[in-house]
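Trainee: Turn this into a structure:
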Amino acid sequence: MEFFRHILDYVFYGSEGLAALVALLYLPRLKNTYWKYFAIYLVFIFLSETLAEQNIFSRDGKVQFYNYLVIPAQFLFFYWLYAAKLFKRPKLFYTFSVLYILSFIPHEILFNSKKIVFSLNYTLGSLFLLYLVILEYYRQVNSSNILNFSDNRFFYINWGVTVFYIGTLPLFSFWSVFAQLKDLFSIYYIYFQISGIVMYTLFAVSFILGKENAEVWKKQSS
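Mentor: Numbering: from 1, shown residues only. This next block holds a predicted model:
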């Protein structure tokens with residue numbers, strides 16, 4: 001099991017690299033759209049993962065790097081992509097972002113900052129993201145273009161976010177509990193790795209199959 005998890009770590013990292021590479025290849029045609037920021041985001045994630053694996057951080061430093069920079073950057077970016085760009089609701093983006101950032105205050109007061117995952121922040125961040133994901137599924141189901149879902153870049157992104165962020169929410173919300181149940185933790189951690197591989201593969205596919213002008217799904221007229 002340990003060997004299998006070790007192999008999946010390499011595949012996970014490779015999937016991040018694949019998504020970043022595809023994003024860079026498509027970046028020139030995206031330079032006049034907000035999708036260029038999605039490409040830049042994927043490169044940032046890959047570079048962050050690469051930096052974290054260079055043994056330049058202590059264990060505590062690596063924990064802080066992820067919990068104070070990488071994970072918040074992920075949530076804030078997806079709030080912006082969904083709320084501000086897809087739904088055209090910038091106030092929702094600002095509301096979720098401010099509440100998420102403010103959640104660090106009770107964490108710093110009440111919880112141990114050396115924990116591998118800041119469960120309070122991750123749970124709140126994922127719940128906000130869950131709301132946005134559900135809104136997007138609702139848009140897709142009620143779209144007159146639903147049969148052309150393969151052209152919609154958000155179709156692939158939404159599924160990727162679902163299997164990874166939403167699927168792993170219980171693991172990261174109750175990390176300390178799962179850590180004491182070693183067999184269950186090992187199985188769920190493998191799901192975390194596989195879902196990450198699936199997500200970044202879907203992100204890469206979104207550039208290849210998705211169209212820049214197909215992210216807006218028209219609703220059925222009443």
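Trainee: in this structure, which helix or strand is least confident?
Mentor: The helix or strand of the chain with the lowest confidence, counting by mean pLDDT, DSSP states H and E, is helix 104-110 at a mean of 77.
Trainee: Report the distance from it to the chain centre.
Mentor: 23 Å (C-alpha atoms, centre = their mean, to the nearest Å).
Trainee: could you dump that helix to CSV, C-alpha only?
Mentor: C-alpha atoms of helix 104-110 as CSV (Å, rounded to 0.1, in the frame of the first residue of the first chain):
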residue,chain,number,x,y,z
PHE,A,104,-7.8,32.5,9.9
ILE,A,105,-8.4,34.6,13.0
PRO,A,106,-10.3,32.0,15.1
HIS,A,107,-7.9,29.4,13.8
GLU,A,108,-4.9,31.4,15.1
ILE,A,109,-6.6,31.9,18.5
LEU,A,110,-8.1,28.4,19.1
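Trainee: Which neighbouring elements make contact with it?
Mentor: Other helices and strands packing on helix 104-110, by 3 or more C-beta pairs under 8 Å, 6 or more residues apart in numbering; DSSP states H and E, are helix 119-141. Placement of C-beta: from N, CA and C, glycine included.
Trainee: continuing past the helix it packs on, what's the next helix or strand?
Mentor: helix 153-161 (DSSP states H and E).
Trainee: what mean pLDDT does that following helix have?
Mentor: Per-residue pLDDT over helix 153-161 has a mean of 94.
Trainee: That helix relative to helix 119-141, how many degrees between them?
Mentor: If you take axes from the mean of the first three to the mean of the last three C-alpha atoms, to 10 degrees, helix 153-161 sits at 140 degrees to helix 119-141.
Trainee: shaky segments in the protein?
Mentor: 110-118, 146-147, 212-222 (pLDDT under 70).
Trainee: ok, now with 90
Mentor: Regions of the chain meeting the criterion pLDDT under 90 cover residues 1-6, 31-32, 52-68, 103-122, 139-152, 170-186, 210-222.
Trainee: list the buried ones in the strand or helix carrying Phe4?
Mentor: Per DSSP H and E, Phe4 falls inside helix 2-30. When burial is assessed from 16 or more other C-beta atoms under 10 Å, helix 2-30 yields the following buried residues: 8, 12-13, 15-20, 22-23, 26-27, 30.
Trainee: Leu184 contacts Leu171, correct?
Mentor: No - in this structure Leu184 lies outside contact range of Leu171 using C-beta atoms under 8 Å: 9.7 Å.
Trainee: what is in contact with those two at once?
Mentor: Phe178 (C-beta atoms under 8 Å, 6 or more residues apart in numbering).
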